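1. This is the structure alone, sequence omitted:
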């Protein structure tokens, strides 16, 4: 938004919100995933505060089961599939983190899983998805339509399709992160002024913004995107869903979506503050900072929000900021690239 | 100990214990460091539980300020130095983590710090110590006596010497980790059956074993050491302090001490259960596991206890185990060596 004074969630949520996910859905998701997902901590580090001139609280979802936040939405969604349909399995499309979240969830629930993944996905993501017992079908990102492949697979087997972000159960599952952040901050006697979240299709951002609007309504929510994939920033400014021209050209493999998901856009158009974009250089510097100072393994797409903070793209001096590190599934070569920088 | 049924801390602590650190010292240390040290979380991960067949609780002190647990003992010790002596500064000897802990603490307290470090210490440790504002004096590990150099520096300047482990204030500071582990486990409704801690001079191990003997007396404490530096294991079995012949030959640069510290040995001879040794290969595998599965950056010496767990050197199946990851200051080259394995 170009708004010079972004209003907080509480004010904006007073009007009608064009989606059907409520606090009860978020709390039901929290209850469904509790026995399997990890309650990640809310971390601090003086080196980060000093660098940013802000009081920063890190939600490290790279420490989540399967190596990213995606387990939450996937497990919530899969555990809502009727018993009678479970043996037919699930199908998902994913660059790798939703893949692992779905595969890990299916393994726990005893369901077959087939994942459609780009052939150029990071090796670690392809391997780990298979390690969770899923069947992986690869496609060419430039020439093939992954959703068409997934639809065909579902038709053949009767499997349930699990969309990576445009699915209310997935969004509610990811939103449990927002519930936890609000609760953990409150337990420390703190209210977050701002929350920064890495944004691809927006399943996480929609869920977290929604949760914060209920539980921490004064927090201003910010989407963070790679430079060529700033569909949310532009769409929120335009008030309508816009697409990205690029299909490649960012190291943030987890964030390369074409346009905002319909459901999350309907949430974020009411709840999001100023959007931020970050360059590959910003992201590599954040991956290196996480390694050297925070001692956390974070992948490029998982470090975008941290990159926004470190690069000073938002005026956050003196503020209390929550930042979600969304995933840690990075190939060693990419880490070395970041550390050589 | 060769004892087939190691007795717990509660039973063993009933006799007189030959040292002067009490629960009040540990609690005073906790209170002194509270505003500056980080309260690290107690983490779990299904991949670790599954691999070990145990219920594992990780205390990630690699996430601590300065990148290792050493900040706790250093800050406790430095904040006990009389105001009138502070301007004369402090001197310490360290392979690198105590160095950073002392340097970071001195910086906070506005005291000059000089650190005597081996010339072959990891680059990251030398650099980070300087970054905290300390003066670094290097020595040759094979031919020079670091304590003699430190004594001379203290005589010249009137600075206070801060021993890396044989100092009650340092041991009490490190022991706050044991207080936190007991409290965090209790909050989760859990009692630790075993605690595994990376052991060099034993400042951390002495402090944690002591804290657990007060706050979690049924927990069996285990020292974990590199194969050529198993002075604690042998000393505990012999009932007297024995030295290592080796001066090098392990990748665990943080654990290369000559013999057990006098104070910590007097604690651990009463409180420690079976000691464990790990090879360089065990440690590299643990560093890689922490990177790939836990998404944590852990240095070789900081991964020794995790290595003991993963390599199955202790019979821990079905048990509830606490493991301390002691530091994360690893050079990228060493990480790559672990990931190539």
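-> Structure received. Just so we're clear, the structure is a prediction, and the values are computed from it rather than from any experiment. Residues are numbered from 1 along each chain as shown, chains lettered A, B, ... in the order given.
2. Name the residues of stretch A:245-258 that come out as buried.
-> For stretch A:245-258, burial by neighbour count (16 or more other CB atoms under 10 Å in any protein chain shown) applies to A:250, A:251, A:252, A:253, A:254, A:255, A:256, A:257. Every residue, glycine included, has its C-beta placed from N, CA and C.
3. let me fix that: stretch A:185-201
-> Using 16+ other CB under 10 Å as the test for burial, stretch A:185-201 gives A:185, A:192, A:193, A:194, A:195, A:196, A:197, A:198, A:199, A:200, A:201.
4. was I right about residue A:25 contacting residue A:170?
-> No: counting by CB atoms under 8 Å, residue A:25 stays clear of residue A:170, with 11.3 Å between them.
5. If you count surrounding residues, which of the two has more?
-> For the pair residue A:25 and residue A:170, the greater number of neighbours falls to residue A:170 (34 against 19), based on other CB atoms under 10 Å in any protein chain shown.
6. list the contacts for residue A:295?
-> B:60, B:62, B:63, B:67, B:296, B:297, B:298, B:328 (CB atoms under 8 Å, 6 or more residues apart in numbering or on different chains).
7. can you count the residues close to the fifth one?
-> For residue B:296, the number of neighbouring residues by other CB under 10 Å comes to 27.
8. which residues of chain A score low on pLDDT?
-> Within chain A, the stretches with pLDDT under 70 are A:1-19.
9. Now with 90, please.
-> For chain A, applying pLDDT under 90 flags the ranges A:1-20, A:95, A:141-142, A:247-248, A:341.
10. quick one: stretch A:301-309 near chain B?
-> No: using CB under 8 Å from any CB of the partner chain, stretch A:301-309 stays clear of chain B, with a minimum separation of 9.3 Å.
11. ok, now how distant is residue A:25 from residue A:173?
-> Residue A:25 sits 10 Å away from residue A:173, going by CB to CB, to the nearest Å.
12. OK, contacts around the most centrally placed residue in chain A?
-> The residue lying closest to the centre of chain A (CA atoms, centre = their mean) is residue A:204, at 4.0 Å. Applying CB under 8 Å, 6+ apart, we find residue A:204 in contact with A:69, A:73, A:165, A:174, A:177, A:197, A:198, A:324, A:326.
13. any chance of the residues you listed in TSV, plus secondary structure and distance to chain B?
-> What follows is the contacts of residue A:204, written out as TSV (DSSP: H, G, I helix; E, B strand; the rest coil; distance: CB to the nearest CB, whole Å):
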residue	secondary structure	distance to chain B
A:69	coil	12
A:73	helix	17
A:165	coil	22
A:174	helix	18
A:177	helix	16
A:197	strand	18
A:198	strand	15
A:324	strand	14
A:326	coil	11
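14. can you list the residues of chain A near chain B?
-> A:38, A:41, A:43-47, A:60, A:62-63, A:65, A:67, A:124, A:291-298, A:328, A:332, A:335-336, A:339.
15. What residues of stretch A:207-218 count as buried?
-> Result for stretch A:207-218 [16+ other CB under 10 Å]: buried residues A:207, A:208, A:209, A:210, A:211, A:212, A:213, A:214, A:215, A:216, A:217.
16. related to what we said a few turns ago, sitting in helices, which of the contacts of residue A:295 do you find?
-> Assignment to helices by DSSP state H places none of these there.
17. Name the member of those residues with the most neighbours.
-> Among these, residue B:298 has the most neighbours (other CB under 10 Å), with 32 neighbours.
18. pretty sure that residue is in contact with residue B:304, am I right?
-> No: look at residue B:298 against residue B:304 with CB under 8 Å: they stay out of range, at 9.7 Å.
19. Nice, that's everything, thank you.
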